[in-house]
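**Q** Pasting the sequence and the predicted coordinates here, then a few questions.
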Amino acid sequence: MILKKNDLSIVLCGEAGQGLKTVETVLTGILKRDGYNVFATEEYMSRVRGGVNSTSIRVSSDPVSAYVHKIDILIPLDKGRTKHLSSRITKDTVVMGEAANIDEKCEHGTCQIVNIPYSTLAEQAGNKLYTNIVAVSAVCGLLTVDFNVISEYLNKFFSTKGGKIIQENIAAAKSGYAAGKELLDSGKLKVNIGKNKNISSQMILNGADAVAMGAIAGGCNFISAYPMSPSTEVLVFLSEHAREFGIVAEQAEDEISAMNMALGAWYAGARALVSTSGGGFALMVEGLSLAGMLEMPVVIHLAQRPGPATGLPTRTEQGELNFVLRAGHGEFPRAIFAPGNIEEAFYLTQKAFDLADKCQSPVFILTDQYLIDSDYNVPPFDLSKIKVEKQIVQTASGYKRYSLLDKGISPRGVPGFGSGLVGVDSDEHDEEGHITEDLLLRHKMVDKRMKKLELLKNDALEPTLIGSEDYKILLVGWGSTREIIKEAMARMDRKDTSFLHFSQVYPLHPRTFEYLDKAVKVIAIENNATTQFADLIKLITGFEIKDRIHEFNGLPFSAEDIVDSVEEILGS
């Protein structure tokens, strides 16, 4: 008998276009409704059909939100696809698939094979096209999911398709469920994972959903973007809910237009978001500098992917921190948030709108493909303390948009709200917004704009220390590596090791050096080739992190990767 306890890693693989995203959505939705903690992340190629895609799904007794290397159950939906995952297949991997889809590596005894004829079962149920649903339901049978939950979910999921399609899917689900249940009852494979009734009322979200929902909570009522993976889903979500929340959603003709539309929207009094990825942001940089000169708030969501150029457009990397930090001609302040999980993606996006409005500066939400495309169950967000705080003032006659004040923040009016004229200019300007080449005034205006950096520093988020305050070894990470490093910490169970996570990477909180200087050894962990954040820490604090773990093959770290690399550095 093969026993899988407490945590189950399921990987489904097939050809692009076979509907793996649908499989992921259906399986995680059903399992969550039945009381299981779930996590899912995708790995896919940049093509409509062909190649190999896979989705990794974890089912756990405890909340789970990180990618792991291990595969407990592998379900190939097409022939030859398991070769793509050969480095993750071990003697403990169970392949639940059709004999025709299992490649040589498995046949030679490096894993354990359970033959389930998905396509035959689907055809017997009435339609051979529903192989995916048979595979999903076989997993549900193995986990003893209440079949009523499956039936209700499929009824809702396919509600727009018509009764015939719903009934065909339910029939296919019954066949797959029986096959999975038979596998369990025969004693060949046993799974022991705890359920929690409270989980059924939680949400399953991915990073894109969370960023979009955070924007809504932040008062966003305008989004302009040009589709570019992996950022596109934010535009899709806000477009789908535009009427419900009073949002103008504009798919611009290019990224230059998208940025300039957003600046125009803020000028008119809206709260605007642009969503893009690295190549698209390259086209927005002139507009970003315009925001700096106009002292115009703008919130920019940038979902990183491996470059340069088109690079690996559907893979993940933390390679654009330096680009975002230095983008733009001239000098002007900005803030950069890098959420570490879905909850932070929501709350930090909401905060970004208030901060941009308060400091009249660009604010970035820096994510990546891994965070954007990862889903897991979370409790409902706490909205009790969220309040949209608009900083717009009603203007009077003689209003000066760029009045020189000690703190560097001039009252921001908008056209039509009051009797004052709101003049702005992309050239250097005087207090009323009129072009000037007065060099003494130029000095004052630059000083005024740069004073905002101190305000941004005062509002900077303190990094989160995970683990004991009495540490000797300190792991340092930022952005989407948070949950992976956190799980690696739990696996290592080292009492002398803690983890410092930065969800704001610029400006840095003043206590940053204090945390670092306290440790005997500091290890930076980043998904890029040059450990950009470690270099930024040295530039700002003078503290050099000598031990660095980095990966840039287009995949996220796994928890196992972190454990192995840290223990190698520590000589364990």
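**A** Thanks, I have it.

**Q** now stretch 559-568, how far from the centre of its chain.
**A** The gap between where stretch 559-568 is centred and where its chain is centred comes out at 23 Å by Cα atoms, centre = their mean, to the nearest Å.

**Q** Give the buried residues for it.
**A** Within stretch 559-568, the residues that qualify as buried are 559-563, 565-566, counting by 16 or more other Cβ atoms under 10 Å. Backbone N, C-alpha and C define where each C-beta goes, glycine included.

**Q** Endpoint to endpoint, stretch 403-411 covers what distance?
**A** When the termini of stretch 403-411 are compared using Cα to Cα, to the nearest Å, they are 8 Å apart.

**Q** lowest-pLDDT helix or strand in this protein?
**A** For the chain, the helix or strand with the lowest mean confidence is helix 104-105, at a mean of 58 (criterion: mean pLDDT, DSSP states H and E).

**Q** and after it, which helix or strand comes next?
**A** Past helix 104-105, further along toward the C-terminus, the next helix or strand under DSSP states H and E is strand 112-115.

**Q** Now do that next one: which elements does it pack against?
**A** Other elements packing on strand 112-115 under the criterion 3 or more Cβ pairs under 8 Å, 6 or more residues apart in numbering; DSSP states H and E are strand 94-97.

**Q** Could you list the buried residues of the one helix or strand A282 maps to?
**A** When secondary structure is defined using DSSP H and E, the element that contains A282 is helix 278-294. Taking 16+ other Cβ under 10 Å as the basis for neighbour counts, the residues of helix 278-294 that come out buried are 278-285, 287-294.

**Q** Show me this protein divided up by domain.
**A** The chain breaks down into these structural domains: 2-201, 207-378, 392-459, 464-570 (assignment by automatic domain parsing).

**Q** Any chance of these in JSON lines with distance to I386 as columns?
**A** Written out in JSON lines, the entries for the domains of the chain read as follows (distance: least, Cβ to Cβ, whole Å):
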{"stretch": "domain 2-201", "distance to I386": "21"}
{"stretch": "domain 207-378", "distance to I386": "5"}
{"stretch": "domain 392-459", "distance to I386": "16"}
{"stretch": "domain 464-570", "distance to I386": "17"}
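
**Q** Dihedrals phi and psi, the nearest residue to L143 once chain neighbours are set aside?
**A** The shortest distance from L143 to any residue other than its chain neighbours is 5.8 Å, reached at V191 (Cβ to Cβ, 6 or more residues apart in numbering). The phi and psi values for V191, taken as degrees, to the nearest 10, are phi -120, psi 130.

**Q** What score does K91 have for pLDDT?
**A** Reading off the confidence values, K91 has pLDDT 88.

**Q** for Q124, same thing?
**A** So, for Q124, pLDDT stands at 87.

**Q** wait, doesn't it sit right on S175?
**A** Yes. Q124 is in contact with S175 according to Cβ atoms under 8 Å; the separation is 6.4 Å.

**Q** Between these two, which is the more surrounded one?
**A** Between Q124 and S175, counted using other Cβ atoms under 10 Å, the more crowded position is S175 (23 against 14).

**Q** From the contact counts, what lies against the helix or strand harbouring the more buried one?
**A** Taking DSSP H and E as the criterion, S175 maps to helix 163-185. Applying 3+ Cβ pairs under 8 Å, 6+ apart, we find helix 163-185 packed against helix 118-125, helix 131-142, helix 147-157, strand 189-192.

**Q** Please repeat the previous calculation with a cut-off of 6 Å.
**A** Here helix 163-185 is seen to pack against helix 118-125, helix 131-142, helix 147-157 when contacts are counted using 3 or more Cβ pairs under 6 Å, 6 or more residues apart in numbering; DSSP states H and E.
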